[in-house]
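J.: sequence first, then the predicted structure:
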Amino acid sequence: MGNGVFPDLYYPTYGDDSTLIDDTDSMGKFYVRVEWDKSQALWGNYNTSLTGTELAQFNRTLYGAQLDYRSPEVTRYGEHRTIVNAFASEAQSAFRHNQFLGTGGSLYYLKDQDIVVGSEKVWVEVRQRGSERVVESIVLQEGRDYEIDDFQGRIILTRPLTQVAADTSGPSIVRDTPLDGNDVYLLVDYEYVPDGFEGDDVTYGARGKHWFGDNIAVGGTFVHENRTGQDYELRGVDVTYQAAQGTYLKLEYAESDSLQTDASYKSDDGGLSFEEFLSNTLPANANGSAWSLEGRAELSELSGGRYDGTVGFWYKKREAGFSNARLDSGREIEDYGVEGRVRVNDKLDISARATVIESKAASNTWAASGFGIRRTVISMMTPSRPSEPCISASRS
């Protein structure tokens, strides 16, 4: 049956035309959900969904109580005026994070087999080469984007995942690698039950965010996991200033005690072999902090449409002891840079980027810069009827 035979969960046999429909999502015998407006309160299975920040993310599938409140009022830019997400659970499983570099194929093997059904969270990240900076993130949906075999621990994508994505900020004049562009990763979070696991430790947390007017928002995150050994705790605050839809300034600060997980692995060959995150080797009582500052401006918004382009900058620093399951820490990292793209006219784009990454544990510095020109070529094609000219545009 693909998921094993569990008589308490599934009938061992079905009729030829039968269909399995699950109207509730619950690992226990009790499930209740109350919805109003855009909010809900439930007891059952849920995703913690603390994903509104980069440094204080916590997204697990748990069984217990959750409140997800979103105020009906929204800002000028469509953000809920107030958001509160709180949860509490006796964790019935352990958390695992897998990171796969795109192979050009569709089949990827997870580190574990017989994972908790429905616990996976799958997404694709495009990262600036040589950096952990995420350029684009795409959440995948089961059935539409992938199929998963929970029992055998494997994922099949509906389309192959390339290893390199085009650098849309502008091509570099000088190429130092045969595959020039940004790196593409498949990331999978899921729950599993390791040998000797005791599911009676309590996990709880909350995140809140409020917009003061249409331009300034303040948020906070707190998570605590009781464990048999060293408890894990994550605390974070963030401030956002949004001047327009695509123009913003965001500051984040986060602290952690202990390790969120010592079970994060990465693979460059689709899961045939795995390598531990460096953070897995940190002592259980590790602690540290991290902060980031990022800004971006859409020139068309600031100039009233007279100029077209974007400019941005970022500065990020993490101590070696800071623990976030999705970031391979374990070393002090400082990452900063600037980038921009300006459209001179309908035929010419100019872009530039400069990046510096310092890794203190590895005692090295990685730096890169690029300058690109993108030209739009307008070509005339001979039409079948001269009175109806056909124009095509191509980019080179």
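T.: Noted; the coordinates are in hand. These numbers were taken from a predicted model, which means no experiment stands behind them.
J.: where does pLDDT dip in the stretch 101-250 of the chain?
T.: The stretch 101-250 of the chain contains residues with pLDDT under 70 at 130, 166-180, 198-199.
J.: which residue is the nearest non-sequential neighbour of L186?
T.: Leaving out its chain neighbours, the residue that sits closest to L186 by CB to CB, 6 or more residues apart in numbering is F100, at 4.3 Å. Using the backbone N, CA and C atoms, a C-beta is placed for each residue, glycine as well.
J.: and that neighbour, helix, strand or coil?
T.: strand (DSSP: H, G, I helix; E, B strand; the rest coil).
J.: counting neighbours, what do you get for it?
T.: Per other CB atoms under 10 Å, the neighbour tally for F100 reads 24.
J.: does it touch Q163 like I think?
T.: No: the pair F100 and Q163 fails to qualify as a contact (CB atoms under 8 Å) at a distance of 10.3 Å.
J.: picking up where we left off before, now do the contacts for the residue nearest to L186.
T.: Listed by CB atoms under 8 Å, 6 or more residues apart in numbering, the contact set of F100 reads Y108, Y185, L186, L187, V188, K266, S267, D268, G270, G271.
J.: can you report how many residues lie near G28?
T.: Using other CB under 10 Å: G28 sits among 12 other residues.
J.: thinking again about what came up before, list the beta-bridge partners for the residue nearest to L186.
T.: L186, S267 (DSSP bridges).
J.: top of the contacts of F100 by neighbour count?
T.: Y108 (25 neighbours).
J.: follow-up on the earlier one: what's the farthest-apart pair in the contacts of F100?
T.: Spatially, the most separated pair among those is V188 and D268, at 15.0 Å (CB to CB).
J.: what does L251 show for phi and psi?
T.: The phi/psi pair for L251 (degrees, to the nearest 10) reads phi -120, psi 130.
J.: is it in contact with D238, as I believe?
T.: Yes: between L251 and D238 a contact is recorded at 6.6 Å, counting by CB under 8 Å.
J.: who has more neighbours out of those two?
T.: The neighbour count for L251 versus D238, taken as other CB under 10 Å, is higher for D238 (23 against 15).
J.: what's the local residue count around K209?
T.: Neighbour tally, K209, other CB under 10 Å: 20.
J.: contact partners for it?
T.: G52, T82, I83, A217, V218, G219, G220, D238.
J.: cutoff 7 Å now
T.: Each residue near K209 by CB atoms under 7 Å, 6 or more residues apart in numbering is listed here: G52, I83, A217, G219.
J.: most neighbours, which of those?
T.: Counting by other CB under 10 Å, top hit in those: A217 with 23 neighbours.
J.: quick one: the helices in the stretch 151-300 of the chain?
T.: 299-302 (DSSP state H, counting those that start in this stretch).
J.: now do the strands in it.
T.: Counting by DSSP state E, counting those that start in this stretch, the stretch 151-300 of the chain has strands at residues 154-157, 164-165, 182-192, 202-212, 216-225, 232-244, 247-257, 264-267, 275-276, 287-298.
J.: same deal with the stretch 1-150 of the chain?
T.: Secondary structure of the stretch 1-150 of the chain (DSSP E, counting those that start in this stretch): strands at 32-36, 39-47, 61-70, 82-90, 94-101, 107-109, 121-127, 134-139, 146-149.
J.: what's the fourth one packed up against?
T.: Where contact means 3 or more CB pairs under 7 Å, 6 or more residues apart in numbering; DSSP states H and E, strand 82-90 is packed against strand 61-70, strand 202-212.
J.: ditto for the shortest one
T.: Taking 3+ CB pairs under 7 Å, 6+ apart as the contact definition, the neighbouring helices and strands of strand 107-109 are strand 154-157.
J.: go on, the second one?
T.: Applying 3+ CB pairs under 7 Å, 6+ apart, one finds that strand 39-47 contacts strand 32-36, strand 61-70.
J.: now W211, nearest residue through space, not along the chain?
T.: In this structure, W211 finds its nearest non-sequential neighbour in A217, 4.5 Å apart by CB to CB, 6+ apart.
J.: please disregard the earlier target; I meant E276.
T.: Closest to E276 by CB to CB, 6+ apart is Y265, at 6.0 Å.
J.: likewise for Q40?
T.: Per CB to CB, 6+ apart, closest to Q40 is D68, 5.3 Å.
J.: then P160?
T.: Nearest residue to P160 in three dimensions, chain neighbours excluded: S106, at 5.0 Å (CB to CB, 6+ apart).
J.: so who does that neighbour touch?
T.: Taking CB under 7 Å, 6+ apart, one finds I156, L157, R159, P160 in contact with S106.
J.: what of G270?
T.: Applying CB under 7 Å, 6+ apart to G270 gives the contacts F100, T103, G105, L107, Y108, Y109.
J.: follow-up on the earlier one: let me have the helices and strands packed on strand 39-47 in TSV, extended by mean neighbour count.
T.: Formatted as TSV, those follow (neighbours: other CB atoms under 10 Å):
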stretch	mean neighbour count
strand 32-36	11
strand 61-70	20
